[in-house]
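Chemist: I would like to see how this sequence folds:
(one chain, ligands or ions: 1)
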Amino acid sequence: MRLLFSALAALLLSQPVLAAPELRLQPGSELPQGQQMRISLNPDGATGPFKATVAGKTIELFEKDGAYVAYLALPSDQKPGGYTLNILDAEGKSAVSQKIEVKPVARSSQNIRFYSPNLTPAQKKQLDAEEALVDIARSSRTEEQYWTEPFMLPVPQRISAVYGIRRFLNGKYNGYHGGVDFLTPMGFPIKATNAGRVTLARYFAPYNSNGNLVFLDHGHGITSVYLHLSKILVKEGQIVKKGEPVGLCGSTGRSTGPHLHWGLYVNGQNTDGLGWVKFSQSF
Ligand SMILES: [Zn+2]
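Modeler: Numbers count the residues shown, from 1 in each chain. I've put the predicted structure just below:
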């Protein structure tokens, strides 16, 4: 009998250990609407590059110190409930998966009165070209992680509209607010929320609702934007430090007075910047 046990143990021990990648979610498997999650994977023999799929999104993981990381944000109006987060290996096979839970967050509403000018075909073309640049800048994904410290707010807090607030334009639903609005005086310096590369620094057409803007790419799929500027202080391609002024507060574009609209994006998805600043202190 004892001999049999030893033989069995020897057999079990000689079996090759199957690769079992280890998935870690921060702060956990619950994702409140509009907030973020950090996905890290210890490949343990499985072969990358890896992709994460969840709620119809596909996100590539970045290699970092032998592990793989990605950040996840879903829209503010993502339907609450359970979703499967699946990690796919280089061959597209599922390496590991886990259930995540999107938790509902109550949002208030806001009505804005604003009348858009009638545009000529040439103006419409110009606007489309500007919007295309914004789309590219929003979704920048750079292997290099420019930041080494937590993110910071671009101006001192005095918030006039939080992220996710339901916006009505002249009484008609116009989607949720994709950034954070700060009541900031005209000409006040706007600081880079973290280190990054300037991907867009443009004086847009006066009928562009964004106004003059600066877009930063912080690496690893994180980008930020600063809208309605009166003056731009950086150039495209420039590397900025955390806290470096990128522009001066203004009221250009669709704006009813001097303010900063600050947008934070995770893999092209707008997300709550206030939540991100807090969250970034944990990794
Ligand atoms: Zn805004």
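
Chemist: Please count neighbours and contacts with C-alpha atoms only from this point.
Modeler: OK.

Chemist: Go through stretch 257-271 and flag the buried ones.
Modeler: Neighbour-count burial for stretch 257-271 flags 258-271 (criterion: 16 or more other C-alpha atoms under 10 Å).

Chemist: what about it and the ion, touching?
Modeler: Yes. Using C-alpha under 5 Å from the ion, stretch 257-271 comes into contact with the ion via His261.

Chemist: Contacts only, for Met37.
Modeler: 25-28, 31, 71-73 (C-alpha atoms under 8 Å, 6 or more residues apart in numbering).

Chemist: mind putting these in a markdown table, neighbour count included?
Modeler: What follows is those, written out as a markdown table (neighbours: other C-alpha atoms under 10 Å):
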| residue | neighbour count |
| --- | --- |
| Leu25 | 17 |
| Gln26 | 16 |
| Pro27 | 14 |
| Gly28 | 12 |
| Leu31 | 22 |
| Tyr71 | 21 |
| Leu72 | 21 |
| Ala73 | 23 |
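
Chemist: Filter those residues down to just the ones in strands.
Modeler: Residues of the contacts of Met37 located in strands (DSSP state E): 25-26, 31, 71-73.

Chemist: which one among those gets closest to the ion?
Modeler: Ala73 (18.7 Å; C-alpha to the ion).

Chemist: Next, count neighbours for Arg113.
Modeler: 10 (other C-alpha atoms under 10 Å).

Chemist: about what we covered before: out of the ones in strands among the contacts of Met37, who's nearest Phe168?
Modeler: The shortest gap between Phe168 and any of the ones in strands among the contacts of Met37 belongs to Ala73, at 23.7 Å (C-alpha to C-alpha).

Chemist: ok, and the closest non-adjacent residue to that closest one?
Modeler: In space, and not counting its chain neighbours, Ala73 is closest to Gln36: 4.8 Å by C-alpha to C-alpha, 6 or more residues apart in numbering.

Chemist: where's the one you found relative to the ion, distance?
Modeler: In this view, Gln36 and the ion are 20 Å apart by C-alpha to the ion, to the nearest Å.

Chemist: Does that residue touch Trp276 like I think?
Modeler: Yes. Using C-alpha atoms under 8 Å, Gln36 is in contact with Trp276, at 6.9 Å.

Chemist: what does this structure put close to the ion?
Modeler: 181, 261.

Chemist: Give me the domain ranges for the chain.
Modeler: Domain segmentation of the chain under automatic domain parsing yields 12-103, 109-282.

Chemist: Hmm, Thr252 is touching Tyr226, no?
Modeler: No. The pair Thr252 / Tyr226 is not scored as a contact, 11.5 Å apart, by C-alpha under 8 Å.

Chemist: Compare neighbour counts for those two and give me the winner.
Modeler: Neighbour count, other C-alpha under 10 Å: between Thr252 and Tyr226, Tyr226 has more, with 29 against 26.

Chemist: Name whatever forms a beta bridge with the more buried one.
Modeler: Per DSSP bridges, the residues bridged to Tyr226 are Val214, Trp262.

Chemist: roughly how far apart are it and Phe283?
Modeler: 24 Å (C-alpha to C-alpha, to the nearest Å).

Chemist: what's the answer for Leu31, then?
Modeler: Distance from Leu31 to Phe283, by C-alpha to C-alpha: 17 Å.

Chemist: residues contacting Thr193?
Modeler: 151-154, 224, 242-243 are the contacts of Thr193 under C-alpha under 8 Å, 6+ apart.

Chemist: which one of those residues has the most neighbours?
Modeler: The most crowded member of these, judged by other C-alpha under 10 Å, is Ser224 (25 neighbours).
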